[in-house]
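A.B. asks: Pasted the sequence and its predicted model underneath.
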Amino acid sequence: GVVDSRIWARVVPLLADRFRVVAYDQRGYGRSPMWDGPYSPVDDLLGVLDGAGIERAALVGASRGGRIALSAALLAPARVTALVLVGSGLPGHRLTIEGTPEQEARWEAAEERGDPVELAEIDMEVWAPLGVDAELRAMFLENAEASNADDPATGEADASSRLADIAVPTLVITGAQDVPAINEVGEII
């Protein structure tokens, strides 16, 4: 929800000699334009696979990407061979992330002003409490408009009640220093 395909730049070369690896930018992130109207992130993912001539794939997703991978495994199970979910979201499960009262006040003021950069600054404080390097900070800021826009995405499965329907090997990764809500999702999955 805050980064783009560049986050995988160090990982792709480690896998590319053994696997065909495709990393893409979701709508509004990285090199992909902002959306105009409702869309399905699962249909977008399947479209990327179709465009690359890939019928079945292991899906690796972080955060919102994990949420989309989970939905794809439920909506198009024949296309998914395995899942790797890193700090994943969970369709149908509302994340409760609490900032400090000062952050909440700044958030409300920034929303009122329509200031995506300030919203991204607060996102960084809340979602990355250990800090961010210059590259990650740039991604947060460049993707601020998309990450703070009302998400008109449709077509995601309610995975929270259907996790038992996922029949492929699944690796769930969370970080000890991640926000508690993400670790909670990892425990649910």
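C.D. replies: Looks like it came in fine.

A.B. asks: Find the centremost residue of the protein, please.
C.D. replies: residue 64 (1.9 Å; CA atoms, centre = their mean).

A.B. asks: Leaving out the residues flanking it, which one is nearest to that one?
C.D. replies: residue 1 (4.0 Å; CB to CB, 6 or more residues apart in numbering). Just so you know, the C-beta spots here come from the backbone N, C-alpha and C atoms, and that holds for glycine as well.

A.B. asks: hang on, the earlier thing: show the contacting residues for the residue nearest to the centre of the chain.
C.D. replies: 1, 26, 89 (CB atoms under 8 Å, 6 or more residues apart in numbering).

A.B. asks: Tell me where this protein has helices.
C.D. replies: Under the criterion DSSP state H, the chain carries helices at the ranges 12-16, 41-51, 64-75, 101-113, 116-127, 134-142, 144-147, 180-188.

A.B. asks: for this structure, where's the lowest mean pLDDT among helices and strands?
C.D. replies: With mean pLDDT, DSSP states H and E as the measure, the helix or strand of the chain carrying the lowest mean pLDDT is helix 144-147 (a mean of 80).

A.B. asks: Which neighbouring elements make contact with that helix?
C.D. replies: helix 116-127 (3 or more CB pairs under 8 Å, 6 or more residues apart in numbering; DSSP states H and E).

A.B. asks: Residues contacting the helix it packs on, please?
C.D. replies: Among residues not part of helix 116-127, those counted as contacts by CB under 8 Å, 6+ apart are 2, 97, 99, 103, 106-107, 109-111, 132, 137, 140-141, 143-145, 147-148, 179.

A.B. asks: With stretch 89-100 instead?
C.D. replies: With contact meaning CB under 8 Å, 6+ apart, stretch 89-100 is reached by 1, 63-64, 66-67, 70-71, 104, 107, 122, 125-127, 156-161, 179, 181-182, 185, 188-189.

A.B. asks: Among those residues, the buried ones, what's the PyMOL command?
C.D. replies: Those of those that meet the burial criterion (16 or more other CB atoms under 10 Å) are gathered into one PyMOL selection, given here:
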select buried, resi 1+63+64+66+67+70+71+107+122+125+126+127+156+157+159+179+182+185+189
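
A.B. asks: for the least confident helix or strand of the chain, the distance to its chain's centre please.
C.D. replies: Mean-position distance between helix 144-147 and its chain equals 12 Å (CA atoms, centre = their mean, to the nearest Å).

A.B. asks: Report the contact partners of residue 16.
C.D. replies: Listed by CB under 8 Å, 6+ apart, residue 16 has no contact partners.

A.B. asks: now do residue 44
C.D. replies: 26, 27.

A.B. asks: gap between it and residue 24?
C.D. replies: When CB to CB, to the nearest Å is applied, the distance between residue 44 and residue 24 equals 8 Å.

A.B. asks: Ok, residue 104 next?
C.D. replies: 34 Å.
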